[in-house]
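>>> any chance you can model this:
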Amino acid sequence: LSASHFMSNPFVFQGKELRRDQKPAPYYGASMDHGINYVSPNDVAEVATRVLLAPKEHHGKEYTLTGPETITDQEVAGLLSEHLKKPIMYSDQPLQFFEDMEKLSGHPIWMVRDLVALEKLKASGKEELPQFYSSDFENLCGHKAESFEEYLMAKDRMTALECA
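Numbers count the residues shown, from 1 in each chain. Purely as a prediction, here's the structure:
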């Protein structure tokens, strides 16, 4: 299974900043206002479960999971504001500044490299292209992939980190 950016990433990598009492809470990246194809971890789990329950049927196959649509990080900030019931302000940073700040964050260098690579992908605009999308999820599961808004509304399937 391969997937692009997870909808849970803002909580995993910037959860502390999002939960601080600071208003507006900062949410940052380097996507250059391009649309991003976020994938719900619920969708990844659904496909993984189907594959694990029928291993022979899926042996040797590769599945690319994408979300149903692209969404900008500015739009994600708006959805996070509703979810966390507080204002969230997205700051689109130059990639080098983003990388420098991540190095200062205390994250291990391998994680900093991965986060910077993900932001480079976002900033490339490739995820907005029709050929980036895959129908693998819909073909396997028989329904559309979860949107970012639907993901945030499914609190019964969220971890404690995501629920806040």
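>>> confidence score at F13?
What the model reports as pLDDT for F13 is 88.
>>> checking my notes, it in a helix, right?
Yes. Under DSSP: H, G, I helix; E, B strand; the rest coil, F13 sits within a helix.
>>> residues near the closest residue in space to it that isn't next to it in sequence, how many?
Once flanking residues are discounted, F13 sits nearest to L115: 6.7 Å by C-beta to C-beta, 6 or more residues apart in numbering. C-beta here means a position set from N, CA and C on the backbone, and glycine is covered the same way. Using other C-beta atoms under 10 Å, L115 has 19 other residues around it.
>>> S135 versus L115, what's the distance?
Applying C-beta to C-beta, to the nearest Å, the value for L115 to S135 is 28 Å.
>>> verify the stated contact: the residue nearest to F13 with V12.
No. Contact status for L115 versus V12: not in contact, 10.5 Å apart, counting by C-beta atoms under 8 Å.
>>> just the element for K120, please.
Secondary structure assignment for K120, by DSSP states H and E: helix 109-124.
>>> list the buried ones in that helix?
112, 115-116, 118-119, 121-123 (16 or more other C-beta atoms under 10 Å).
>>> could you do stretch 62-81 as well?
Across stretch 62-81, burial judged by 16+ other C-beta under 10 Å covers 63, 65-68, 70-73, 76-81.
>>> now for P55, how many residues are close by?
8.
>>> H83 versus that one, what's the distance?
The value you get for P55 to H83, if C-beta to C-beta is used, is 36 Å.
>>> again with E119
Per C-beta to C-beta, E119 is found 22 Å from H83.
>>> same question for D156.
14 Å.
>>> which of the two has more residues huddled nearby?
H83 (22 against 6).
>>> does that one belong to a helix, a strand or coil?
helix.
>>> would you confirm that it contacts E150?
No. With contacts counted by C-beta under 8 Å, H83 stays clear of E150, the gap being 11.7 Å.
>>> contact partners for the nearest residue to L118 once chain neighbours are set aside?
Nearest residue to L118 in three dimensions, chain neighbours excluded: H5, at 6.3 Å (C-beta to C-beta, 6+ apart). For H5, the contact set (C-beta atoms under 8 Å, 6 or more residues apart in numbering) comprises 36-39, 118, 122.
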